[in-house]
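Undergrad: Okay, predicted coordinates and the sequence, questions at the end:
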Amino acid sequence: MHGDTHDSSAPDHRRKAPGRRRFLGLAAAGTAAVGAAGFGWAALADTSPPPRTFRSQRRIDRRKQAIATILNAADPTALAAWITGTGSAPDAIKTEMDTQVNGLADAAAAGTDTARDKVVVSWVRTAETQRSIWDRKYEFLRTGSGGAGTFGIITDEVRAKYPTQLGSDPQWDPDKDSHREVWTSLTSDERQSEILRTSTVPGVSRHHLGSDADFFNTTPQDWTDNGPEAPHYTWLRANAAHYGFLQTYTAESAKNDPAISQERWHWSYAPVSEAVLDYVRANQDVIADALDELWSYDPTRFTYIKAHWRDYMFYVNEKAYFG
């Protein structure tokens, strides 16, 4: 956390400001020293705060309470718009989230020897962007016709019903005729349930907040214990909490029904995301009204999530891992 930088080495009444000549001499010497260090006076003018750091869950919870104070003083309609992806975060909170995500990303790049622009693969998404993702999956669009290739995971329940068509394929593939045959046979609720294993609807995505980001890549099979992303997961587990982050969707949270599957790539700045969860729990009617408005363009593709949005929002991990 940020400490008090006030110099208490001597009482205030004993400190003397340097005379003009001495001040100019010190300034000249400082300029030379800073110039030699290679970053100049411009760096001293940068007032961007460093990322906050945390040593325990208790400190995260303390910061969460400070964020909650900001939320409780804000306009409920504006907050609902931010939470559901049609508005912006309060300025002070946005600045803090940006600082923390970038701080973790910088550390991850250095700690894993990864190019910085390859660390964060997805961050803030508006409801409009999330709608386009949801619609192309729901409509099972082919690549070249608005689709984006394979997505999600095929649940055991659906695979058991269609073993011949789905085989051992790990993900849904709109470009495969056998997968299209199955998808066409699913009800609207079943399609929604399949998508919701690894993705969510406009208005419910935590990516609307700015507190959550996806790191390195989002292909589920790459994040198994022996997969290519295993070293990155080891690093995130060991270091993310230091910056206030937790893994949103864990193996434990995935045991809830319904719930999103484990996502080892998805990490959340807990002081903000946890304060938001508490706010939503206390203001569910306001959020529900905002969601109804978002989904009004075609309510038939939101029947299942309308009944279960609270489960997908609340069935998540809420504790950081400090080892």
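TA: Sure, I can see it.
Undergrad: burial count for the closest residue to residue 311 other than its chain neighbours?
TA: Spatially, and ignoring its direct neighbours in sequence, residue 311 is nearest to residue 258 (5.3 Å; C-beta to C-beta, 6 or more residues apart in numbering). No exception for glycine: its C-beta is placed from N, CA and C like everyone else's. Other residues within reach of residue 258, judged by other C-beta atoms under 10 Å, total 15.
Undergrad: Next one, pLDDT for residue 258 please.
TA: You'll see residue 258 listed with a pLDDT of 94.
Undergrad: wait, what's in contact with it?
TA: By C-beta atoms under 8 Å, 6 or more residues apart in numbering, the contact list for residue 258 reads 193, 196, 308, 311, 312, 315.
Undergrad: what number of residues lie near the fifth one?
TA: So that's residue 312. For residue 312, using other C-beta under 10 Å, the count is 19.
Undergrad: For it, pull up the helix or strand it's in.
TA: helix 303-314 (DSSP states H and E).
Undergrad: Against which helices or strands is that helix packed?
TA: helix 188-195, helix 270-282, helix 284-294 (3 or more C-beta pairs under 8 Å, 6 or more residues apart in numbering; DSSP states H and E).
Undergrad: Give me the buried subset of the contacts of residue 258.
TA: 193, 196, 308, 312, 315 (16 or more other C-beta atoms under 10 Å).
Undergrad: And the residue nearest the centre of the chain, how far from residue 249?
TA: By C-alpha atoms, centre = their mean, the chain has its centre lying nearest to residue 212, at 0.9 Å. Remark: distance between residue 212 and residue 249 (C-beta to C-beta, to the nearest Å) = 10 Å.
Undergrad: May I have the residues that are in contact with residue 281?
TA: residue 314.
Undergrad: okay, it: pLDDT?
TA: pLDDT at residue 281 comes out at 98.
Undergrad: now residue 323
TA: Residue 323 carries a pLDDT value of 87.
Undergrad: Then residue 35?
TA: 33.
Undergrad: for the stretch 51-200 of the chain, what spans make up the strands?
TA: Using DSSP state E, counting those that start in this stretch, the strands of the stretch 51-200 of the chain run over residues 120-122.
Undergrad: ok, which stretches of it are helices?
TA: Using DSSP state H, counting those that start in this stretch, the helices of the stretch 51-200 of the chain run over 57-73, 76-83, 91-112, 127-138, 156-161, 163-166, 177-185, 188-195.
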